[in-house]
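1. The sequence and its predicted three-dimensional model are supplied below.
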Amino acid sequence: MELKLDFDISVQPNDTTCGPTCLHALYRYWGDTIELGEVIREVRVIEGGGTLGVLLGCHALERGYRATIYAYNVQHFDPTWFGLDRAELRSRLVRQSEFKPDAKLRYATDAYLEFLDLGGEVRFEDLSSKLFRRYLDEGVPILTGVSSTYLHRTMREIGPECTSDDVRGEPCGHFVVLCGYDRFSRRMLVADPLHPNPIQPHPDKKGKPYVVGIDRVIASIALGILTYDANLLVLEPNDRAPS
């Protein structure tokens, strides 16, 4: 592995706490000693369980971090909004929410408005290995929402118990942290709070990242659109120079 950050992650306590567990791992990476249980209690959840990347960003902003989201969800952000200033982007989000009745979109919109008001930044840039390397070269891990169905190559799931069902099931979302890469073999190092998981099932690897191809990672992030994510969340302490 060409670049490998010194990064460990706890095992998520249940099926719906992957997001707070990834956020806690980032806090710990930056020397923030908040307990995992406290992060889980404080991060807001959505109906049905789980959370959104933007809500993780809001939690970090409230703790004094700088937060940047790279957005790829074209259900939520129109491509023509790329390059708008903060005020105009906020205005477009509000207007969209007025015209579209989807409850989850409106909930996510409110979260993005809060994110912007707290000082968060939303950027639009092609999803690529170049973007990953820009931050990882600086020692900055990247939290991302993905389709776990695609990343792990598992059956879709159905019901509150997340029962595997390849016919009736729906694709599932998940959060992981990107913490290394190898540009020659085009592989990424992924810290996954779900353990064991189909890519790394071994008990002695608990909390340790695994290696997966960059193309598979990119596809998994893009397919996060199915669960209202499809974004990257970059967090840095305020005492670091801006990227």
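-> It's in. Numbering: from 1, shown residues only.
2. residue ranges of the helices in this structure, please?
-> Remark: helices assigned in the chain by DSSP state H are 18-29, 36-42, 53-62, 86-99, 103-117, 129-136, 148-151, 214-222.
3. right, and those helices - which one's nearest residue 75?
-> helix 103-117 (7.2 Å; C-beta to C-beta). Bear in mind the C-beta positions are built from the backbone N, C-alpha and C, glycine included.
4. for that closest one, packing partners?
-> helix 53-62, helix 86-99, strand 121-123 (3 or more C-beta pairs under 8 Å, 6 or more residues apart in numbering; DSSP states H and E).
5. same thing but 6 Å
-> On a contact count with 3 or more C-beta pairs under 6 Å, 6 or more residues apart in numbering; DSSP states H and E, helix 103-117 meets helix 53-62, helix 86-99.
6. Need these in TSV (columns: mean neighbour count and distance to residue 13).
-> As requested, these are arranged in TSV below (neighbours: other C-beta atoms under 10 Å; distance: least, C-beta to C-beta, whole Å):
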stretch	mean neighbour count	distance to residue 13
helix 53-62	24	16
helix 86-99	14	33
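7. Contacts only, for residue 129.
-> residue 214 (C-beta atoms under 6 Å, 6 or more residues apart in numbering).
8. before we move on, the earlier item: figure out which of the helices of the chain is closest to residue 206.
-> Across these, closest to residue 206 is helix 18-29 (C-beta to C-beta), at 12.6 Å.
9. ok, and what's touching the closest one?
-> 7, 9-10, 12, 34, 36, 39-40, 43, 51, 56, 143, 174-175, 177, 193, 235.
10. what stretches of the chain score poorly on pLDDT?
-> 241-243 (pLDDT under 70).
11. Tabulate the helices and strands packed on helix 103-117 in JSON lines, adding columns for distance to residue 208.
-> Compiled in JSON lines, those are given as follows (distance: least, C-beta to C-beta, whole Å):
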{"stretch": "helix 53-62", "distance to residue 208": "22"}
{"stretch": "helix 86-99", "distance to residue 208": "38"}
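12. center of the chain, which residue is that?
-> residue 144 (2.5 Å; C-alpha atoms, centre = their mean).
13. Buried subset of the contacts of helix 18-29 as a ChimeraX selection?
-> Here is the ChimeraX command that picks out the buried ones among the contacts of helix 18-29, judged by 16 or more other C-beta atoms under 10 Å:
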select :7,9,10,12,36,39,40,43,51,56,143,174,175,177,193,235
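14. In the protein, where's the longest strand?
-> strand 173-182 (DSSP state E).
15. what sits up against it?
-> 1-5, 7, 18-19, 22, 25, 136, 141-143, 145-146, 148, 188-192, 209, 227.
16. Now, the residues you listed that are in strands?
-> Taking DSSP E as the definition of strands, those contribute 3-4, 142-143, 145-146, 188-191.
17. Filter those residues down to the buried ones.
-> 142-143, 145-146, 188-191.
18. What are the buried residues along stretch 222-241?
-> For stretch 222-241, by 16+ other C-beta under 10 Å, it's 222-236.
19. Show me which pair in the residues you listed is furthest apart.
-> Maximum distance among these (C-beta to C-beta): 28.5 Å, for 226 and 236.
20. re earlier: dump the helices of the chain to TSV, plus distance to residue 157.
-> Below are the helices of the chain laid out as TSV (distance: least, C-beta to C-beta, whole Å):
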stretch	distance to residue 157
helix 18-29	14
helix 36-42	21
helix 53-62	20
helix 86-99	29
helix 103-117	18
helix 129-136	28
helix 148-151	8
helix 214-222	16
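21. out of the ones you listed, nearest to residue 123?
-> Closest approach to residue 123 among the helices of the chain (C-beta to C-beta): helix 129-136, 9.6 Å.
22. That's all I had, so thanks and see you.
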